[in-house]
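S.K.: Structure of the sequence below:
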Amino acid sequence: MQTSKRRELLFLMLMLFWILFVLGGYYYYHKPINIGMIAPPFSALLDVVFVILFSGLAGGLGQRILRAEGIPTLERAALHYALGAGLISLIWLGLGVLGLYRFPLGAPLLILGCIVLRKEISGWYKSLGLIVNAYKESDRLEKFLAVLAAVLVLYQLVIALAPPIKWDALAYHLQLPRQYLAAGKLIFTPENPYWGHPQIVEMLNTFAMSFHRAQTAAALNWGAGVVFLLGLFGLTNTQLARLRMQRNAEPGLTETAGTTNPRPVAAGWMAVTAVLAGTTFRYLLGWSYTDLFSALFGLAALITFFAWLDEQNPTWFLWTGLFCGFALGTKWTAGLLPAGLFLAALLFRKQGQLSLKTWFLAGGIAFLALTPWLVKNGIATGNPLYPYLWGTPWIDAARLASANQPPETIDWWQHLLVPFMTTWAGVDSMQGFGADLGPLLLLFAVPGFWLYRRCQKVQVLLILLILAGISLAAASLRFGHLIQTRLYYTLLPALALPCGWGWEWIQKQVLQGVRMRRILSAVVLLVMGLIFWQDSSWMAQLAPGRLILGAVTEQQYLENILGFNILAMQEVDKLPEGSRTLMLWEPRGLYAPLQAQADLWIDRWRTDRRELQTASAIFDRWKQEGFTHLLVYQQGIELIRPQPGQTPTADWSVLQEALAQMPEPVSIGGFYLLYSLK
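M.R.: Numbering: from 1, shown residues only. Sure, this is the predicted structure:
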């Protein structure tokens, strides 16, 4: 018996040796991978790990501070994440003020926080599992939309894990964190007017980049967008149930006649689908912009506001004030959120048993959450709202006025038809509304608003959207950039919620024997099918997956997307040590050396020419500031080039004089000219 076991053991060892011998010899000559192929997927994996850990940390921290048992599960998860993310941002700001930014700082803080909050983190992740149960309850159409939504969201994750390519991210959303980490602390960058904007998201980006790289920040923003969608799904469904109860309680009103059986989760799936039908929202998932956090804080404010209306507990309104402050800490235009909610609170304060004292206290909390950014600006520049309202030594009143001129032409019909034009004429990243909302939000939100128009919560949403419409239509007459729909994404939930409610009602209708669900399902499938085709084509063009798998290099990827911009930045980086380059008409500085200075408002030449008048005086200023080279973006020159028959402006004439005095430039594809100022 023992002899038999020994033979089996010997045979096993021989087989293992034989396997290793054959495979080892084969792969010695047929190497399937190399070191260059391993690094990209490993880096992407680190980014995903950070998103998982940070999401748990933010959600766990929020859960530790705010229990919120009365809030349904998915809304509570989004609420906790928003609270935790806002607090982590302020903590990171404090570390920057103390000069504690160091590259390894993000990892140990993240790991330590996850260890301390491990129980809350586990509970927070378990709460997200409710979406699986919702999927199981869904019918075939809803399951198809859920799977398609997941695919579209994962597309953007792949883009987020590739090097950043989008304009504002290259200019300041990632460039500011890069400068902070290089300095090891929070610093004032006077050449960047956007430094004065609230920086909740930039602080989180700095945290993420201290963990790994710029793509980590993009993945972080992707994670915030996913949490927003999950919270929106939950809030749409739970609030619909309460609205239906209120409406059916009204005399003579019922939703059952002439309808088919309702689906309990249909509204949530449509709200998510309609939001993803907007090209801008989908692409923001991979862009490293601030708008997803703006939408998330807006959603959190609505969750707590509705909780106040439902429970008549004024404490919830205090939390609304905090999330309004966080939204304002994301971008100034989010001020419409507290304006609308605090106005609605005044109108409904008796029904919600809200005292004026609590109302003012909530306003104080919102202001307190915003205060760090006002104090930062005030200490550095003397202007809490820098660079706006009044001039400073870095941006004088003339430059401020020049950068905020009213639009030359006004399309009145676009301003009068804002609800429709934002949908029809909103083209992503183009002039005008500058954001594509997709067709489904408007299509189903109008029936939702009409059906539940007598309900308080719907009236709250209408107040928010009316304020947004006024800002888009009226304020943009003076400040043209305020017509960009993306600036008001903190109010996106106010449009997505009634969209889901409207779909849930209208798709049940049977009119003259015709089931509206069949017609509307075909419409939705057509829209989402076109979107899937569009995004799949875009993914094939970008090919970020090939980069992540190591099939192409980062250089090849960036050249494919950014073209001569990345070549120009690399040419600047090759200049001798001690060189400092000034860029004209080029604001994207993320891939340039830190010593280079981008043209953030695209007004450096106009400002210097206005103040100094002559080319020689301009040269003297540049040399005094330490610039040794000048990078001129040729497309930007077109902004001041006179049209045929026009008299050249002083900006153009002095520029031609200045360029003529400089040595022959290095041409980078004809798109950029690199001059020496020596």
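S.K.: Which helix or strand in the chain has the lowest average pLDDT?
M.R.: Across the helices and strands of the chain, mean pLDDT, DSSP states H and E gives its lowest value to helix 412-416, namely a mean of 72.
S.K.: Which positions within it qualify as buried?
M.R.: Residues of helix 412-416 classed as buried under the neighbour-count rule (16 or more other C-beta atoms under 10 Å) are 414-415. C-beta: built from backbone N, CA, C; applies to glycine.
S.K.: for it, packing partners?
M.R.: With contacts taken as 3 or more C-beta pairs under 8 Å, 6 or more residues apart in numbering; DSSP states H and E, helix 412-416 sits against helix 456-473.
S.K.: What's the first helix or strand after the helix it packs on?
M.R.: Note on helix 456-473: by DSSP states H and E, the next helix or strand toward the C-terminus is helix 492-506.
S.K.: Which elements pack onto that following helix?
M.R.: With 3+ C-beta pairs under 8 Å, 6+ apart as the test, helix 492-506 has helix 214-249, helix 266-276, helix 291-311, helix 440-451, helix 456-473, helix 516-542 packed against it.
S.K.: In the sheet, which strands lie alongside whichever helix or strand comes after it, parallel or antiparallel?
M.R.: Past helix 492-506, further along toward the C-terminus, the next helix or strand under DSSP H and E is strand 510-511. Note on strand 510-511: by DSSP bridges, its sheet partners are strand 514-515 (antiparallel).
S.K.: for this structure, which spans come out with low pLDDT?
M.R.: Where the chain drops to pLDDT under 70, the residues are 1, 103, 248-264, 413.
S.K.: Contacts only, for A592.
M.R.: 569, 572-573, 581, 583, 598 (C-beta atoms under 8 Å, 6 or more residues apart in numbering).
S.K.: Among those, list the two that are farthest apart in space.
M.R.: D573 and A598 (13.7 Å; C-beta to C-beta).
S.K.: more crowded one of these two?
M.R.: Comparing D573 with A598 by other C-beta atoms under 10 Å, the one with more neighbours is A598, at 26 against 15.
S.K.: okay if I get the helices and strands packed on helix 492-506 as a markdown table plus distance to L128 and mean neighbour count?
M.R.: Converted to a markdown table, these look like this (distance: least, C-beta to C-beta, whole Å; neighbours: other C-beta atoms under 10 Å):
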| stretch | distance to L128 | mean neighbour count |
| --- | --- | --- |
| helix 214-249 | 6 | 23 |
| helix 266-276 | 14 | 28 |
| helix 291-311 | 15 | 26 |
| helix 440-451 | 25 | 22 |
| helix 456-473 | 25 | 19 |
| helix 516-542 | 24 | 14 |
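S.K.: Cross-check the contact I'm expecting between A160 and R213.
M.R.: No. The criterion here is C-beta atoms under 8 Å, and A160 misses it with R213 at 11.7 Å.
S.K.: Now do the shared contacts for those two.
M.R.: Residues touching both A160 and R213 by C-beta under 8 Å, 6+ apart: D47.
S.K.: So if I had to pick from the two, which one is more boxed in?
M.R.: Using other C-beta under 10 Å as the criterion, A160 and R213 rank with A160 on top: 27 against 18.
S.K.: for that one, what are its contacts?
M.R.: 47, 215, 218-219, 221-222, 285-288.
S.K.: Pick the one among the contacts of A592 closest to A169.
M.R.: Nearest member of those to A169, counting by C-beta to C-beta, is A598, at 12.9 Å.
S.K.: Check whether the spatially closest residue to the closest one that is not a sequence neighbour sits in a helix, strand or coil.
M.R.: Once flanking residues are discounted, A598 sits nearest to G589: 3.4 Å by C-beta to C-beta, 6 or more residues apart in numbering. Under the three-state scheme (DSSP: H, G, I helix; E, B strand; the rest coil), G589 adopts coil.
S.K.: and if you look at L630?
M.R.: L630 - assigned by three-state DSSP - is strand.
S.K.: these two touch, right, it and L582?
M.R.: Yes. With contact defined as C-beta under 8 Å, L630 reaches L582; the gap is 5.4 Å.
S.K.: and the two? which has more neighbours close in?
M.R.: Legend: neighbour count by other C-beta under 10 Å for L630 and L582, higher for L582 (24 against 20).
S.K.: For the more buried one, list each beta-bridge partner.
M.R.: Bridge pairing for L582 - DSSP bridges - gives Q597, L630.
S.K.: from now on call the first residue 28
M.R.: That works, and once the first residue is 28, the last one we named lands at L609.
S.K.: which ones are touching it?
M.R.: Taking C-beta under 8 Å, 6+ apart, one finds 623-624, 631, 649, 652, 654, 656-658 in contact with L609.
S.K.: Please indicate which of these are buried?
M.R.: For the contacts of L609, buried by 16+ other C-beta under 10 Å: 623-624, 631, 649, 654, 656-658.
S.K.: and the two most separated of these?
M.R.: The distance between the two most remote of those (C-beta to C-beta) is 14.2 Å, for R631 and H656.
S.K.: Disregarding residues adjacent in the polypeptide, which is nearest to G697?
M.R.: Q661 is the one closest to G697 (C-beta to C-beta, 6+ apart), at 6.8 Å.
S.K.: Tell me the gap between stretch 458-473 and the middle of its chain.
M.R.: Computed by C-alpha atoms, centre = their mean, to the nearest Å, the chain-centroid distance of stretch 458-473 equals 17 Å.
S.K.: can you check stretch 559-568 too?
M.R.: Here stretch 559-568 is found 21 Å from its chain centre; the criterion is C-alpha atoms, centre = their mean.
S.K.: Need the contact partners of that stretch.
M.R.: Under C-beta under 8 Å, 6+ apart, the answer for stretch 559-568 is 175, 178-179, 182, 185-186, 306, 309, 572.
S.K.: got the helices and strands packed on helix 519-533 as JSON lines, with distance to E586 columns?
M.R.: Output for the helices and strands packed on helix 519-533, formatted as JSON lines (distance: least, C-beta to C-beta, whole Å):
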{"stretch": "helix 241-276", "distance to E586": "17"}
{"stretch": "helix 293-303", "distance to E586": "30"}
{"stretch": "helix 318-338", "distance to E586": "28"}
{"stretch": "helix 467-478", "distance to E586": "36"}
{"stretch": "helix 483-500", "distance to E586": "38"}
{"stretch": "helix 543-569", "distance to E586": "12"}
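S.K.: Between the ones you listed, which one is closest to P433.
M.R.: Nearest to P433, of the helices and strands packed on helix 519-533 and by C-beta to C-beta, is helix 483-500 at 14.2 Å.
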